[in-house]
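> missing the sequence, but the structure's below:
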């Protein structure tokens, strides 16, 4: 369960005031040749907005079958958008997920669907993705595992922009410490573009 603290409420209020969904989440220097990863695609709405703006190449990862199918149908005629029915994490394995709309996660005790999670490093190699212009992740807690692996790999230096939603969840211990550790590691290679605690945070590769 996500903890909606007073700090989150203040950050979310500022995010709304700043119109973050239409500014920070969409304003990037992208073009038709750019590579975008949407990890935690849900219904593909964000990818649709990014594509409408930049006509870039997008890889969408969504482990929940019904959301994967919805995204697949949405972009069926678009050969620049590829959709994969698995999530990304630190290792390849099967998990049981609680498919609860945009709060679907593998940490709930009442999971209702078995899904595939694949190792982020191996997946980038398998798909022959050498450089990522924008890497968006909304994983309902899975961001800690993914970033702990990605942040310690040289692959992190091949990602120009990161857009991460960190989640403070009762099922995951030490969320605050893990978020701080991930950000401290990430600051070795990236700058902070914006930071709204537990809402959205953006980073760009140091030049």
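Good, I have the coordinates. Since this is a predicted model, take the numbers as computed values, not measurements.

> With adjacent residues omitted, what lies nearest to the spatially most central residue of the chain?
Taking CA atoms, centre = their mean as the criterion, residue 137 is the residue nearest the geometric centre of the chain, at 0.5 Å. If you skip the residues right next to it in sequence, residue 137 has residue 39 as its closest partner in space, 4.3 Å away by CB to CB, 6 or more residues apart in numbering. (Each C-beta comes from the backbone N, C-alpha and C, glycine too.)

> beta partners for the one you found?
With DSSP bridges as the criterion, residue 39 is bridged to residue 61, residue 137.

> Residue 86 is in contact with that one, correct?
No - when contacts are counted by CB atoms under 8 Å, residue 39 is not listed as touching residue 86 (10.3 Å).

> With neighbour numbers in mind, choose between these two.
Neighbours were counted for residue 39 and for residue 86 using other CB atoms under 10 Å; residue 39 has more, 25 against 16.

> who's in contact with the more buried one?
With CB atoms under 8 Å, 6 or more residues apart in numbering as the criterion, the residues that contact residue 39 are 61, 87-88, 135-139, 146.

> any chance of these in CSV, plus pLDDT and distance to residue 166?
Converted to CSV, the contacts of residue 39 look like this (pLDDT from 0 to 100; distance: CB to CB, whole Å):
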residue, pLDDT, distance to residue 166
61, 98, 18
87, 96, 17
88, 97, 16
135, 98, 14
136, 98, 13
137, 96, 10
138, 93, 10
139, 92, 10
146, 97, 11
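
> would residue 160 count as being in a strand?
Yes - with the criterion set as DSSP: H, G, I helix; E, B strand; the rest coil, the secondary structure at residue 160 is a strand.

> who wins for most neighbours among the contacts of residue 39?
When neighbours are counted by other CB under 10 Å, residue 88 leads those with 28 neighbours.

> For that one, which non-adjacent residue is spatially closest?
Taking CB to CB, 6+ apart as the measure, residue 88 lies nearest to residue 120, with 4.6 Å between them; neighbours along the chain are not counted.

> For beta bridges, what are the partners of residue 35?
Counting by DSSP bridges, the residues bridging with residue 35 are residue 57.

> Wait, it touches residue 54, no?
No - the pair residue 35 and residue 54 fails to qualify as a contact (CB under 8 Å) at a distance of 11.1 Å.

> overlap in contacts of the two?
A shared contact of residue 35 and residue 54, defined by CB under 8 Å, 6+ apart, is any residue touching both; here there are none.

> how about the nearest residue to residue 67, chain neighbours excluded?
That would be residue 42: by CB to CB, 6+ apart, it lies 5.6 Å from residue 67.

> tell me, how many neighbours does that neighbour end up with?
Neighbouring residues of residue 42 were enumerated by other CB under 10 Å; the total is 20.

> Pop out the phi and psi values for it.
In this entry, residue 42 is assigned phi and psi values of phi 50, psi -100 (degrees, to the nearest 10).

> Show me whatever sits in contact with both of residue 39 and residue 86.
Contact with both residue 39 and residue 86 is made by residues residue 61, according to CB under 8 Å, 6+ apart.

> coming back round to it: now distance to residue 196 too, for the contacts of residue 39, in TSV please.
Written out in TSV, the entries for the contacts of residue 39 read as follows (distance: CB to CB, whole Å):
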residue	distance to residue 196
61	24
87	24
88	23
135	18
136	15
137	15
138	14
139	17
146	20
